[in-house]
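In: next input, structure requested:
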Amino acid sequence: MNISRLYPFNTVAYSHTETGESPVYYRSQCSVSLSVEELGEGTSNFRVWISPNVTIYSTYIPNMGTVTLWFPEVSYNCTNELIPGHILGKSTRCICFTTSEGYPRGTAQWYREHGTYPVGINGTLDLSYDFSNPEQTFSCDAVSPLGRNTGARLMEPTFVFFNSSSFEVEYTVLTANACDNNTTDNNNNNNNNSFNVNDAPLVEVRCRVSKEHVSSVPGYRIHWAHQQTFSAQAFRNMSENGDFYEVVAYFKFDVTEGENIVRCTIQPDPLITQESRDVLVDYTVPPPAPPQIALNGQTYQGVTPSNIVALPEGYAGDITCRVEEGYPAAHTTQLKCGQLSSTGAGNTASLRFTDNPIMRDMGEIVCMCTAQHLSGCYNNNTTNLNLDITYPPDVLFTQDKNQTTFNKGDSLELACSAQGNPDPTSVTLTRERTSEVLATVQASELTHSLGPLDCLDSGVYVCSGQNTRGTTTQEISIGVRCKYFSYIASTNNIHT
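Out: Okay, the predicted model is just below:
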């Protein structure tokens, strides 16, 4: 007896027994034992031949039967899987399961690619992102008495996650000076702080994120804005640098001053909302002109001899100093006028003369305004203003004799002088009784002789000094003795 599937089996169990009946019959039986694994997946056909010892012929017995074996079909899913192969988060649980029983019945197990032993427990795999080995492949395989259906369902998980706290943006202003091309001319008040765009600071912007806190490779976009208008730029992939993904960009803004925004935006995966970080870059540009001192509706700038203002004695108004333009505004503005001073925290400082009116005895008064600027190169930061204190003339009226009463025929010399600011334009000597102008000069002093004196020369004489601020007078009274009467008068009566 011979049994075969595709090839003859070498080991066949055979038995031949009598029935014990008459006439005599015999029962022949043959069998073969095969392992399921040896048979393998697929359909096996069995054939039997009987070869009695009395003959050299064999008898074929057809339709002895077939056996079909197959592995179970398997599939898998993960608890937080978004789309096949993409897992949202840093960990997940993946289940490998059978979708059909198979014959003989089997189970489903997880294996690492090319691995020999199952991973996980009973088809359950707790999977976490491995920073040191982010790309791994697992296989969900059917396992049965037939063996292992290697590579039944491969899984190459791609973790998608992003911890925004690890997103860093740094910037550095490299060597450059906004004031390299400044020009200063203190002689003609043409002080200018020129700003050349080519001298604008070069800004290095570095965006980085730890590999341990992001997957997959982030896309980035760095662009800048002035006054909230951003430049356009497409997403590109960041580069690896050790334990980080990062990108470094350099900017030189084509603006002269103000607040500029550098924005770094990253998006690890289209499935994750993009994150942005802003860096504010201020270009400090000094004011283009010196401070302005405002007084009596006029403004004065710079250090120049023409900065003079005439103020009447007793002036009790305000004086203000202000620095215009520049970015940011100037700071620590100081205004000093003689012994008075005021310091403003910003770009303005003011003084009030209400409690300290300007008087001639203060002497020469120079008001100086200075200011500081964050750029550190505000060179023409000073304005001087000379205060010219004006007042009416002071008149000095004298005579050459130390007496007030004279005899007829005597002589007398009168001297009249005036001092004021501005200088007197004229000095005049007048006889009060007759309003007669005895002498006048377009100068600051005069002398006049009276004599020989007569009785009619008795009376009051007036000296007046005049300038643009007003007229001041002083009087002298004299008396002349005559034969029939005497005239007594007082002297040095002053009228202004």
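In: I'd like to know which helix or strand in the protein has the lowest mean pLDDT.
Out: strand 2-4 (a mean of 43; mean pLDDT, DSSP states H and E).
In: C-terminal to that one, what's the next element?
Out: Using DSSP states H and E, the helix or strand that follows strand 2-4 in sequence is strand 13-18.
In: how far is that following strand from where the chain is centred?
Out: 100 Å (C-alpha atoms, centre = their mean, to the nearest Å).
In: that one: what's the following helix or strand?
Out: strand 26-31.
In: quick one: mean pLDDT over that next one.
Out: Average pLDDT, strand 26-31: 73.
In: dump that strand to CSV, restricted to CA.
Out: Extracted in CSV, the C-alpha atoms of strand 26-31 (Å, rounded to 0.1, in the frame of the first residue of the first chain):
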residue,chain,number,x,y,z
TYR,A,26,-9.1,-10.2,4.9
ARG,A,27,-9.1,-6.6,6.0
SER,A,28,-6.1,-4.5,4.9
GLN,A,29,-5.5,-1.0,6.4
CYS,A,30,-2.7,1.5,5.9
SER,A,31,-2.2,5.0,7.5
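In: okay, the angle between that strand and strand 13-18?
Out: 170 degrees (axes from the mean of the first three to the mean of the last three C-alpha atoms, to 10 degrees).
In: helices and strands around the following helix or strand past strand 26-31, which ones?
Out: Downstream of strand 26-31, the next assigned helix or strand under DSSP H and E is helix 36-39. For helix 36-39, the packing partners by 3 or more C-beta pairs under 8 Å, 6 or more residues apart in numbering; DSSP states H and E come out as strand 66-69. Quick note: C-beta positions are derived from backbone N, CA and C, even for glycine.
In: could you check the strand it packs on and say which residues are buried?
Out: Leu69 (16 or more other C-beta atoms under 10 Å).
In: just checking, what packs against that strand?
Out: Against strand 66-69 (3+ C-beta pairs under 8 Å, 6+ apart) you get helix 36-39, strand 42-45.
In: now Glu436. Nearest residue, chain neighbours left out?
Out: Excluding the flanking residues, the one nearest Glu436 by C-beta to C-beta, 6 or more residues apart in numbering is Thr430, at 6.7 Å.
In: got the contact list for the one you found?
Out: Shown in contact with Thr430 (C-beta atoms under 8 Å, 6 or more residues apart in numbering): 436-438, 461-462, 464.
In: wait, which of the helices and strands packed on strand 66-69 is closest to His223?
Out: Distance to His223, taken as C-beta to C-beta, is lowest for strand 42-45 among those, at 62.4 Å.
In: please compute how far the closest one lies from its chain's middle.
Out: On the basis of C-alpha atoms, centre = their mean, strand 42-45 sits 77 Å off its chain's mean C-alpha point.
In: quick one: mean pLDDT over it.
Out: Averaging pLDDT along strand 42-45 gives 84.
In: who does it pair up with?
Out: strand 66-69 (antiparallel) (DSSP bridges).
In: chain center to the partner strand: distance?
Out: With C-alpha atoms, centre = their mean, you get 77 Å for strand 66-69.
In: contact partners of that strand?
Out: For strand 66-69, contacts defined as C-beta under 8 Å, 6+ apart pick out 36, 39-46, 103-104, 146.
In: mind redoing it with 10 Å?
Out: Strand 66-69 is contacted from outside by 5, 34, 36-37, 39-46, 102-104, 144-146, using C-beta atoms under 10 Å, 6 or more residues apart in numbering.
In: immediately after that strand, which helix or strand?
Out: strand 74-78.
In: for that next one, which positions count as buried?
Out: So for strand 74-78, counting by 16+ other C-beta under 10 Å, buried means 74, 76, 78.
In: helices and strands around it, which ones?
Out: When contacts are defined as 3 or more C-beta pairs under 10 Å, 6 or more residues apart in numbering; DSSP states H and E, strand 74-78 sits against strand 86-88, strand 91-98, strand 107-112, strand 124-128, strand 138-144, strand 147-155.
In: hmm, who's touching the fourth one?
Out: To tie it back to what came earlier, the one meant is strand 124-128. For strand 124-128, contacts defined as C-beta under 10 Å, 6+ apart pick out 76, 78-79, 87, 89-97, 109-112, 118-120, 136, 138, 140, 155, 157, 159.
In: about what we covered before: ok, whichever strand or helix holds the residue nearest to Glu436: who's next to it in the sheet?
Out: Using DSSP H and E, the element containing Thr430 is strand 426-431. Each strand paired with strand 426-431, and its direction, by DSSP bridges: strand 436-441 (antiparallel), strand 459-467 (antiparallel).
In: nearest to His373 among the ones you listed would be which one?
Out: Ranking the strands paired with strand 426-431 by proximity to His373 (C-beta to C-beta) places strand 459-467 first, at 43.2 Å.
In: roughly how far is that closest one from the heart of the chain?
Out: 73 Å.
In: same check on stretch 330-337?
Out: On C-alpha atoms, centre = their mean, the centre of stretch 330-337 falls 27 Å from that of its chain.
In: stretch 370-390 now?
Out: 29 Å.
In: dump the C-alpha coordinates for the strand holding Thr430 into PDB.
Out: Output in PDB follows, covering the C-alpha atoms of strand 426-431 (Å, rounded to 0.1, in the frame of the first residue of the first chain):
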ATOM      1  CA  SER A 426      19.100 159.800  23.200                       C
ATOM      2  CA  VAL A 427      19.700 162.000  26.300                       C
ATOM      3  CA  THR A 428      17.800 165.200  26.700                       C
ATOM      4  CA  LEU A 429      18.100 168.200  29.100                       C
ATOM      5  CA  THR A 430      14.900 170.300  29.600                       C
ATOM      6  CA  ARG A 431      13.900 173.300  31.600                       C
END
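In: quick one: average pLDDT of that strand?
Out: Taken as a whole, strand 426-431 has an average pLDDT of 96.
In: averaged pLDDT, the strand ranked longest in the chain. What do you get?
Out: In the chain, with assignment by DSSP state E, the single longest strand is strand 382-399. Here strand 382-399 scores 93 as its mean pLDDT.
In: and the very next helix or strand once past that strand, which residues are buried?
Out: Using DSSP H and E, the helix or strand that directly follows strand 382-399 along the chain is strand 405-407. Residues of strand 405-407 classed as buried by neighbour count (16+ other C-beta under 10 Å): Phe406.
In: Ala316 - how many residues pack around it?
Out: Neighbours of Ala316 under the rule other C-beta atoms under 10 Å: 11.
In: looks like Cys337 contacts Thr320 (just checking).
Out: No: counting by C-beta atoms under 10 Å, Cys337 does not reach Thr320; the two are 11.4 Å apart.
In: show me the domain layout of this structure.
Out: 2-69, 74-162, 164-283, 292-390, 400-481 (automatic domain parsing).
In: quick one: contacts for Val480?
Out: By C-beta under 10 Å, 6+ apart, the contact list for Val480 reads 405-410, 412, 450, 452-459, 486-487, 489.
In: show me the beta-bridge partners of the closest residue to Leu295 other than its chain neighbours.
Out: Spatial nearest neighbour of Leu295, chain neighbours left out: Ile319 (4.8 Å); criterion: C-beta to C-beta, 6+ apart. Ile319 has these beta-bridge partners by DSSP bridges: Leu351.
In: re earlier: just so I know, which of the helices and strands packed on strand 74-78 lies nearest Asn237?
Out: When the helices and strands packed on strand 74-78 are compared by C-beta to C-beta, strand 86-88 sits nearest Asn237, at 17.3 Å.
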